[in-house]
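Asker: Generate coordinates for the sequence data below:
(chains A, B, C and D)
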2 protein chains.
Amino acid sequence: MVLIALKNRLKILRAERDWSQAELAGRLDVSRQAVNAIETGKHDPSLPLAFRIARLFDMRIEDIFDDGEHA
Amino acid sequence: MVLIALKNRLKILRAERDWSQAELAGRLDVSRQAVNAIETGKHDPSLPLAFRIARLFDMRIEDIFDDGEHA
DNA sequence: ACATTAAGTCAGGTTATCTTGACATAGTCA
DNA sequence: TGACTATGTCAAGATAACCTGACTTAATGT
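Answerer: Reported below is the predicted structural model:
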């Protein structure tokens, strides 16, 4: 049972601010590897981390991560 | 390190529809115990499950779960 | 050439989020 | 009374989401 992670715009949002993965990790209070794993689709963030990410970029969770948003 | 789960309105949304935990679990494709654990604050849903919950109730994740929403 | 930074990865470990199965309690109802 | 439903809980186990530390590769700059 191999499920893939939700698509996300983290890498783009980070690039827009010219932050390294390490800097973003620091702002989110997680490890650099955690940020990398999320960006590269290895896994999804926990819900609390998703909230911190949304707060940091002042966006809604649904606008950063997406499920497929079928209509 | 004991962290508490996010507050959530699952129980209320479910009551408004007069669904049992078992029925909600079926609609979300998780176990009844998983629904119970989320409602009783034992843990947070994964992000993919949070998306399914939000879709089911046609609401935003932020309007069902909350972090404290300081201002 | 050498040092530094960024990104990606791996190993090994911990904790959180699930699973199934079982059980107790309370409420409803024939 | 006895059957049924809903809720809450526990145990034991699987997998996902984190951690630290180490290492490689590519790009940049001195």
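
Asker: what about the residue nearest the centre of chain A, distance to chain B?
Answerer: By C-alpha atoms, centre = their mean, the mean C-alpha position of chain A lies nearest to A:Leu10, the distance being 4.5 Å. Going from A:Leu10 to chain B by C-beta to the nearest C-beta, to the nearest Å gives 13 Å. For glycine as for every other residue, the C-beta is placed from the backbone atoms N, C-alpha and C.

Asker: Which pLDDT value belongs to the closest residue to that residue other than its chain neighbours?
Answerer: Take A:Leu10 and drop its neighbours on the chain: the residue closest to it by C-beta to C-beta, 6 or more residues apart in numbering or on different chains is A:Glu39, 5.1 Å away. pLDDT recorded at A:Glu39 is 97.

Asker: so what's A:Glu39 up against?
Answerer: A:8, A:10-11, A:14, A:21 (C-beta atoms under 8 Å, 6 or more residues apart in numbering or on different chains).

Asker: does the nearest residue to A:Leu28 once chain neighbours are set aside sit in a helix, a strand or a coil?
Answerer: Once flanking residues are discounted, A:Leu28 sits nearest to A:Arg52: 5.3 Å by C-beta to C-beta, 6+ apart. The three-state assignment at A:Arg52 reads helix, by DSSP: H, G, I helix; E, B strand; the rest coil.

Asker: which residues in chain A form strands?
Answerer: A:7-8, A:65-66 (DSSP state E).

Asker: Now do the last one: which elements does it pack against?
Answerer: Secondary-structure packing of strand A:65-66 (3 or more C-beta pairs under 8 Å, 6 or more residues apart in numbering or on different chains; DSSP states H and E): strand A:7-8.
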